[in-house]
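Enquirer: With the sequence up front, the predicted model follows.
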Amino acid sequence: MVAPSKGGINETCSPRIIFYNSPYKTFRRLMRWIYLAAGLLLGFGAHANPVTPLLSVRCSFQDGQAAEFSNTKPITKRSNDMGDLIFDQIDVRNQTARVIGSIGAETIIALYGNNSIHLLETTNSGNLNITTVYLSTKSLRDGIYPTVHSRHINLASGPYPSQYVGFCKKLY
């Protein structure tokens, strides 16, 4: 038999057992639930959105890389065949935007990231195109944004992914 210590607690008991059903433990659990609920209701962890609704940009790409897959390895090559893209009505609050191309306009998804806007387009053939427009205090002031455009294309001959870098200019 172990004698109780000066505090009256058996030294063989762990602190977890002592506080398992204590008011302190109950209070901590309650506070965790309150913080979780408040976070969900108030968008805890969501980034503040500095972008004005309905932003429009024209993106030009100066340099790129494309890949073809052979039986043994991917073959990459430089590519500069990417034309301009126009994105308008970018509204990250409603997660919508439009991409305007040579054959018309299409509604796409607009997501706000860490000082960036991600524009996701699924083509009629099921391919995915992603454009990220990077925002910063300087680019917001100047209206010129660094950008990356990635195409995830699957042709009959196999995958043909590509990625291009350039700048978007704010349209007024």
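Expert: Arrived safely. Keep in mind that this is a model prediction, so the values were computed, not measured. Residues are numbered from 1 along each chain as shown.
Enquirer: now residue 66, which residues is it bridged with?
Expert: Residue 66 has the following beta-bridge partners by DSSP bridges: residue 77, residue 162.
Enquirer: Would you confirm that it contacts residue 77?
Expert: Yes. Shown here, residue 66 and residue 77 form a contact pair, counting by C-beta atoms under 8 Å, at 5.8 Å. All C-beta atoms are positioned from the backbone trio N, CA, C, and that covers glycine.
Enquirer: between these two, which one's more packed in?
Expert: Higher neighbour count among residue 66 and residue 77: residue 66, with 18 against 10, using other C-beta atoms under 10 Å.
Enquirer: count of neighbours near residue 144?
Expert: 14.
Enquirer: any idea how far it lies from residue 60?
Expert: 10 Å (C-beta to C-beta, to the nearest Å).
Enquirer: Repeat that for residue 121.
Expert: Residue 121 is 18 Å from residue 60, where distance means C-beta to C-beta.
Enquirer: same check, this time on residue 108
Expert: Counting by C-beta to C-beta, the separation of residue 108 from residue 60 is 19 Å.
Enquirer: which one of residue 121 and residue 60 has more residues nearby?
Expert: Neighbour count, other C-beta under 10 Å: between residue 121 and residue 60, residue 121 has more, with 20 against 14.
Enquirer: beta partners for that one?
Expert: Beta-bridge pairing of residue 121 under DSSP bridges involves residue 129.
Enquirer: which residues does it contact?
Expert: Residue 121 sits next to 99, 106, 108, 109, 128, 129, 130, 131 when contact means C-beta atoms under 8 Å, 6 or more residues apart in numbering.
Enquirer: Can I take it that the last one is in a helix?
Expert: No. Using DSSP: H, G, I helix; E, B strand; the rest coil, the secondary structure at residue 131 is strand, not a helix.
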